[in-house]
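1. Could you look at this predicted model? Sequence included:
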Amino acid sequence: MLVPYYLMYSYLYYVKDISLIPDTEYDIICKRLYNEWDKVEHFHKHIIDKEALIAGTGYQLKYPERVKSAAVALKEKNNGRGL
């Protein structure tokens, strides 16, 4: 679930200006994803810039509609408010 959470948290933070998790937790996700890169399989992995993970960012990503919808659902699930 590293790829989906990285993408959803990045979308919410960089596009919607919403932070569901502390920066330190996001950094941990980035570091884990970078370290486990060769083992990770996900159909959206190709949109991730592996080097951006070192910097702990998802700013440059182009988010598929599926990720956007999932991020909105995650946000709503976490606090019951819409975007």
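-> Arrived safely.

2. When you work out contacts or count neighbours from here on, use the C-alpha atoms and nothing else.
-> Noted.

3. pLDDT below threshold where in the protein?
-> Along the chain, segments meeting pLDDT under 70 span 80-83.

4. how about the helices in this protein?
-> Under the criterion DSSP state H, the chain contains helices at 2-14, 23-35, 50-55, 65-79.

5. To residue 43, which of those lies closest?
-> Closest to residue 43 of the helices of the chain, according to C-alpha to C-alpha: helix 2-14, at 9.1 Å.

6. outside of the closest one, which residues touch it?
-> 18-21, 26, 29-30, 32-33, 42, 44-45, 57-59, 63, 67-68, 70-72 (C-alpha atoms under 8 Å, 6 or more residues apart in numbering).

7. rerun at 7 Å
-> Where contact means C-alpha atoms under 7 Å, 6 or more residues apart in numbering, the residues beyond helix 2-14 that reach it are 18-19, 29, 33, 42, 45, 58-59, 67-68, 70-71.

8. distance between it and the chain's centre?
-> From the chain centre to the centre of helix 2-14 is a distance of 2 Å (C-alpha atoms, centre = their mean, to the nearest Å).

9. now the angle between helix 23-35 and it, please.
-> Going by axes from the mean of the first three to the mean of the last three C-alpha atoms, to 10 degrees, helix 2-14 is angled at 140 degrees with respect to helix 23-35.

10. Count residues in the vicinity of residue 40, would you?
-> Neighbour count for residue 40, taken as other C-alpha atoms under 10 Å: 13.

11. Which residues are in contact with it?
-> Counting by C-alpha under 7 Å, 6+ apart, residue 40 touches no other residue.

12. before we move on, the earlier item: buried subset of the contacts of helix 2-14?
-> Buried members of those, scored by 16 or more other C-alpha atoms under 10 Å, are 29, 33, 58, 67-68, 70-71.

13. Now render those residues as a markdown table, adding distance to residue 9.
-> Output for those, formatted as a markdown table (distance: C-alpha to C-alpha, whole Å):
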| residue | distance to residue 9 |
| --- | --- |
| 29 | 10 |
| 33 | 13 |
| 58 | 9 |
| 67 | 10 |
| 68 | 10 |
| 70 | 10 |
| 71 | 7 |
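
14. out of the contacts of helix 2-14, what pair is the most spread apart?
-> Distance extremes for these: the farthest pair is 18 and 42 at 24.4 Å, using C-alpha to C-alpha.
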